[in-house]
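**Student:** Compute the structure for the input listed below.
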Amino acid sequence: MSDTAQKEAVDKTLERALNAAKQRRVNEAIGICRDLLVANPELPGALGLLGGILGQEGRTDEAINLLKSALARQPNVGNWHLNLCALYRGKNMLDEALQSGLEAIRHSPDTAAHRVELALTHLTRGERDLASLRYREALAREPENPAAHMGLGELLLSLGEYAPGWMEYFWRNKLDQARGTLPKMTAAQWNGMKLPGGTLLLVADQGFGDMIQFARYIPWVKQRVPNLVLGWGPEVTALLGKHPDIQACFPKWTEAPPHDAYVLLSSLPQIFATELETIPAPIPYMTMDADRVGHWARRLDGAFPERRLRVGLAWSGRPTHPNNLRRSMRLETLAPILATPGVDFVGLQKPFPDEDRPFAQTLPHFVDLSAELGDFAETGALIKALYLVIAVDTAVVHLAGAIGAEAWVLVPEPADWRWLLGRTDSPWYPTLRLFRQRRAAEWAPVLAEVAKALLGRASK
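**Tutor:** Numbers count the residues shown, from 1 in each chain. Reported below is the predicted structural model:
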């Protein structure tokens, strides 16, 4: 076989592996790449593609080594530098991530995605002005790039620049991960206009925390449209099904009645032109069933006969959340807090991670009630029976804030946009107190600060 024919055969095989990876036939793609590397261990294309695939599968160290090997043989491939940038950022190797991101841009200066990835690296390094620049550079090259718009929007919101921030935040619905999450709508999207006698379908379109945060706008919507129906899912129904301003709540789209328009809950801040000073903050704006709160109070009395401080804990978020690795931790990481004398702890974590069970069983003043928490309404009732909640940035803290319960939030760096910058309070939830990382991935100083504050409470 001639050199040209051999190269063409290799290229076709790599394309086959790439197509398999795109179609999530991961094992097939990995097998094809490894077969190629058996015949030619230094083949850059196979090394780079395999590194990219393994990186997406969470095999970070192996992926980094493969990508470095590929670049040592073919250093001008921007995508390989881009993948390295993301992998280094995930390991908090921020100098290496920055260098790889800059190399990606140097070799592919007109690719918007490379500048978006570099912007994320700047954010993690605390370089917000540079992150803004990179997002704007990306949009100059690709004006319809949803990730660049969304990234810029979240950055603006974190800075308190809400008017332009909401405009960019709208692009969340065009992200790849948002495609296919909403069914085909049969009515127009609501723009805030009055619909006398009309019916509006409210759509809980994002995570549970977002749904809880934006539910505060429902009374405002009611002032403009008299009939409100809500979709979807049992968790949404449990929390908002009995809301006084909602006519009906449907767990399935096919059950929703005819309606004149629909609106995404996450669009309501923009529709109502929300600024920091105009955030609707009547607390509580969700109420829990008094009988269920009483049930949980009695349940806790049985679990903890002594009259000590009762504190709820949640330490891990949804695994598919893009920032979950930075916001979540293992239960044993909370050891400085769990060692506080005079405190009983209640696990609010659902599902309870299997890897945390052995450590939990060693704790004398800890009870896991996750198996009894059927939905967020039960979780909220349990929270009302507690003295305090300490949690990472998950829906649990939104729920605590919405029902007016005191909660201490362990905030990672960079923080989600809704916690703004440098603040220890939240204009969205007056009963929350924020304990923030000063540097990315450094939880020890935060947990020491929380443990000291908790000790002060327990000693009173």
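**Student:** In contact with the closest residue to residue 188 other than its chain neighbours, which residues?
**Tutor:** The shortest distance from residue 188 to any non-neighbouring residue, by Cβ to Cβ, 6 or more residues apart in numbering, is to residue 261 (5.1 Å). In this view, the C-beta of every residue, glycine as well, is placed from N, C-alpha and C. Residues in contact with residue 261, defined by Cβ atoms under 8 Å, 6 or more residues apart in numbering, are 187, 188, 189, 190, 195, 198, 200, 201, 225.
**Student:** Could you measure from the first one over to residue 261?
**Tutor:** Just to be clear, that refers to residue 187. 5 Å (Cβ to Cβ, to the nearest Å).
**Student:** same thing with residue 140?
**Tutor:** The gap separating residue 140 from residue 261 is 35 Å, by Cβ to Cβ.
**Student:** what is in contact with residue 187 and residue 261 at once?
**Tutor:** Counting by Cβ under 8 Å, 6+ apart, the contacts common to residue 187 and residue 261 are residue 201.
**Student:** Next, find the distance separating the residue nearest to residue 188 from residue 185.
**Tutor:** 9 Å.
**Student:** What of residue 240?
**Tutor:** 20 Å.
**Student:** neighbour-wise, which of the two wins?
**Tutor:** Shown here are residue 240 and residue 185; by other Cβ atoms under 10 Å, residue 240 has more neighbours (23 against 13).
**Student:** where does that one fall, phi/psi-wise?
**Tutor:** Here is the backbone geometry of residue 240 (degrees, to the nearest 10): phi -110, psi 0.
**Student:** Domain boundaries for the protein, per the record?
**Tutor:** Following automatic domain parsing, one gets these domains for the chain: 10-178, 188-278, 290-458.
**Student:** Dump these to JSON lines, plus mean pLDDT and distance to residue 284.
**Tutor:** Formatted as JSON lines, the domains of the chain follow (pLDDT from 0 to 100; distance: least, Cβ to Cβ, whole Å):
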{"stretch": "domain 10-178", "mean pLDDT": "96", "distance to residue 284": "23"}
{"stretch": "domain 188-278", "mean pLDDT": "92", "distance to residue 284": "10"}
{"stretch": "domain 290-458", "mean pLDDT": "94", "distance to residue 284": "4"}
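**Student:** What lies in contact with stretch 275-291?
**Tutor:** 160, 162-163, 212, 215-217, 219-220, 239, 272, 274, 377, 380-381, 383-384, 399, 401-404, 427-431.
**Student:** Check the offset of that stretch from the chain's centre.
**Tutor:** Chain-centre distance of stretch 275-291: 22 Å, with Cα atoms, centre = their mean, to the nearest Å.
**Student:** Restricting to C-alpha, output it in PDB.
**Tutor:** Taking C-alpha atoms only, stretch 275-291 is exported to PDB below (Å, rounded to 0.1, in the frame of the first residue of the first chain):
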ATOM      1  CA  GLU A 275     -32.600  45.000  39.300                       C
ATOM      2  CA  LEU A 276     -30.800  44.300  42.500                       C
ATOM      3  CA  GLU A 277     -33.100  46.800  44.200                       C
ATOM      4  CA  THR A 278     -36.300  45.300  42.800                       C
ATOM      5  CA  ILE A 279     -35.900  41.600  43.500                       C
ATOM      6  CA  PRO A 280     -39.200  40.300  44.900                       C
ATOM      7  CA  ALA A 281     -38.200  39.200  48.400                       C
ATOM      8  CA  PRO A 282     -41.300  38.600  50.500                       C
ATOM      9  CA  ILE A 283     -40.000  35.800  52.700                       C
ATOM     10  CA  PRO A 284     -41.400  33.300  53.000                       C
ATOM     11  CA  TYR A 285     -43.000  32.900  49.600                       C
ATOM     12  CA  MET A 286     -43.400  29.200  50.000                       C
ATOM     13  CA  THR A 287     -45.100  27.600  53.000                       C
ATOM     14  CA  MET A 288     -44.800  24.000  54.300                       C
ATOM     15  CA  ASP A 289     -47.600  21.900  55.600                       C
ATOM     16  CA  ALA A 290     -47.800  22.400  59.400                       C
ATOM     17  CA  ASP A 291     -48.800  18.800  60.000                       C
END
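**Student:** The closest residue to residue 297 other than its chain neighbours: how many residues sit nearby?
**Tutor:** Sequence neighbours aside, residue 385 is the residue nearest to residue 297 in space, at 4.4 Å (criterion: Cβ to Cβ, 6+ apart). If you count neighbours by other Cβ under 10 Å, residue 385 ends up with 21.
**Student:** you'd agree residue 385 is up against residue 293?
**Tutor:** Yes - between residue 385 and residue 293 a contact is recorded at 5.5 Å, counting by Cβ atoms under 8 Å.
**Student:** Spit out the contact partners of the residue nearest to residue 297.
**Tutor:** 293, 296, 297, 299, 300, 310.
**Student:** Distance check, residue 48 against residue 3.
**Tutor:** In this view, residue 48 and residue 3 are 21 Å apart by Cβ to Cβ.
**Student:** Between the two, which is the more surrounded one?
**Tutor:** residue 48 (24 against 7).
**Student:** quick one: the strands in the stretch 101-250 of the chain?
**Tutor:** Secondary structure of the stretch 101-250 of the chain by DSSP state E, counting those that start in this stretch: the strands cover 188-189, 199-203, 227-231, 248-249.
**Student:** re the thing from before, taking the contacts of residue 385 one by one, which sit in strands?
**Tutor:** Counting by DSSP state E, the part of the contacts of residue 385 found in strands is residue 310.
**Student:** What about the contacts of residue 385, which are in helices?
**Tutor:** 293, 296, 297, 299, 300 (DSSP state H).
**Student:** from memory the last one sits against residue 312, does it?
**Tutor:** If I follow you right, that is residue 300. No - using Cβ under 8 Å, residue 300 is not in contact with residue 312; the gap is 10.1 Å.
**Student:** End to end on stretch 171-190, go ahead and measure it.
**Tutor:** Using Cα to Cα, to the nearest Å, the end-to-end distance of stretch 171-190 comes out at 16 Å.
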